[in-house]
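*Asks:* I need the structure of the sequence given here:
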Amino acid sequence: MQLDPSERIGKAQVFAIYGKGGIGKSTTSSNLSVAFSKLGKRVVQIGCDPKHDSTFTLTKCLVPTVIDVLESVNFHPEELRLDDFVYEGYNGVMCVEAGGPPAGTGCGGYVVGQTVKLLKQHHLLDDTDIVVFDVLGDVVCGGFAAPLQHADRALIVTANDFDSIFAMNRISTAILAKAKNYKVRIGGVIANRSNETDQIDRFNAATGLKTMAHLPALDVIRRSRLRKATLFEMEPSPEVEHAQSQYLQLAEALLAGADPLAVQPMRDRDLFDFLGFD
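*Replies:* Have a look, this model is predicted:
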């Protein structure tokens, strides 16, 4: 099965950010989007979570979702204008919140598809260099794996703990399943909220994954969220400069073309036996 050509994003490089719920994907996505923009790229960030809080550090508010605005016009997309659902955030990053269907109904994949269709119909993607999908939690059903149909590279955010690595293993399996029919490949791992990376490193060595950036448990990251700001807007300090440099180096590496990784995820039981702490 291949994606409908009318839903293909086009020339932009597309990255999908996955990881366990609460691991910091939105923080990662927003700061990575800004890093791309600081390198002179035109960036669109698409939040794919019913909480619709992916972009609030960029826009300083919770913007209406695509599903909200479609509902307001009785699902007649021809009545919408681009500024009904696209908002310019910090440093020119264009922000979209796809939203989600009401709890227990519908499919997140439909929402992602409608969002991409609208962006194409309004020609926003024509001049876009980078698209960042920020995908909710570790729900890797068909619907919420939909961004993988568009992405060139999928990145996995993890911490140095059992639950995060367990989720990373399952997400890797889902990405490889999509890679059989789509161009998406696993780009690498972002170690987040972890001063140590020993368990991540062991898992990477065993499965073929690779850490592309490491963000320790820095208090300035927590404070930036409370201030509704990206790290690139915080007062200079060694912590801030370290975090900014990690995101800029990651953006540069992705722009240069991250080589796809040959990953072999573990079976759940094997991973359970493999991971352990003294």
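*Asks:* low pLDDT regions in this structure?
*Replies:* 1-8, 102-108, 137-143, 276-278 (pLDDT under 70).
*Asks:* So what pairs up with the closest residue to Thr28 other than its chain neighbours in the strands?
*Replies:* Leaving aside its sequence neighbours, Thr28 sits nearest to Val157 (C-beta to C-beta, 6 or more residues apart in numbering; 5.2 Å). Every residue, glycine included, has its C-beta placed from N, CA and C. On the basis of DSSP bridges, Val157 is bridged to Gly19, Ile190.
*Asks:* So Val157 sits against Gly19, correct?
*Replies:* Yes. Counting by C-beta atoms under 8 Å, Val157 touches Gly19, with 3.5 Å between them.
*Asks:* any common contacting residues for the two?
*Replies:* 25, 28, 190, 192 (C-beta atoms under 8 Å, 6 or more residues apart in numbering).
*Asks:* Pull the contacting residues for the third one.
*Replies:* It refers to Ile190. Contacts of Ile190 by C-beta under 8 Å, 6+ apart are 19, 28, 155-158, 211-215, 250.
*Asks:* Among those residues, name the buried ones.
*Replies:* 19, 28, 155-158, 212-215, 250 (16 or more other C-beta atoms under 10 Å).
*Asks:* if we can go back for a sec, tell me which residues touch the residue nearest to Thr28, please.
*Replies:* 17-20, 23-25, 28, 189-190, 192.
*Asks:* same question, Leu62
*Replies:* Counting by C-beta under 8 Å, 6+ apart, Leu62 has contacts 52-53, 56, 97.
*Asks:* Tell me the secondary structure at Gly188.
*Replies:* strand (DSSP: H, G, I helix; E, B strand; the rest coil).
*Asks:* Pull up the gap between it and Thr197, please.
*Replies:* 13 Å (C-beta to C-beta, to the nearest Å).
*Asks:* and if you look at Asp161?
*Replies:* Taking C-beta to C-beta, one finds Asp161 at 11 Å from Thr197.
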